[in-house]
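# One predicted model, sequence on top.
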Amino acid sequence: MGQKVAGTCYIKVDGTQLVITGGVEVPVSKVKRETVTAGYFKEEDRIPFTKVDAVKAPGTDWDKITNGTNMTITSEFKDGSSYVLSGAYAVDDVNVTADDGKVPLNFEGVSGDWQ
């Protein structure tokens, strides 16, 4: 029997759903490891994040998205799992491309948890 592992995703910013294209990127692990020498490694905390390409749809509160500093970003995946980014804020430039209406969004936050 096959098992669904990918498909349509839903993104909500403080409960309001965005129109998105393509996929969503979120971290699976909370740490990043790097080998120092054979058998020894260092470990650093990763900054929780959510990356997505949104559509500049009418009615989207872009002021809230670009200026919010304590948002909750919920990513719902087709396999039934969700990633919740808390204390979130937009980082990097937020720009729209005129040829396809896409707005690449990169959110970072205080904590990211799988549910």
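That came through, no problem.
# mind listing what the one helix or strand N106 maps to pairs with, with the direction of each?
When secondary structure is defined by DSSP states H and E, N106 falls within strand 102-108. When pairing is defined by DSSP bridges, strand 102-108 lines up against strand 49-55 (antiparallel), strand 82-91 (antiparallel).
# Which neighbouring elements make contact with the very next helix or strand once past it?
Reading on from strand 102-108 to the C-terminus, the next helix or strand found by DSSP H and E is strand 111-114. Judged by 3 or more CB pairs under 8 Å, 6 or more residues apart in numbering; DSSP states H and E, the packing partners of strand 111-114 are strand 82-91. For the C-beta atoms, the positions are set from N, CA and C on the backbone; glycine is no exception.
# E44 - that's part of a strand, no?
Yes. When classified by DSSP: H, G, I helix; E, B strand; the rest coil, E44 is found to be part of a strand.
# Nearest residue to it in space, ignoring adjacent ones along the chain?
Nearest-residue entry for E44: K32, 5.1 Å, with adjacent residues in sequence omitted and distances by CB to CB, 6 or more residues apart in numbering.
# worst-scoring helix or strand of the protein, pLDDT-wise?
Of all the helices and strands that make up the chain, strand 20-25 has the lowest average by mean pLDDT, DSSP states H and E, namely a mean of 87.
# Compute the inter-axis angle for it and strand 102-108.
For strand 20-25 and strand 102-108, the angle between their directions (axes from the mean of the first three to the mean of the last three CA atoms, to 10 degrees) works out to 30 degrees.
# Can you tell me the strand partners of strand 20-25 and which way each runs?
Going by DSSP bridges, the partners of strand 20-25 are strand 49-55 (antiparallel).
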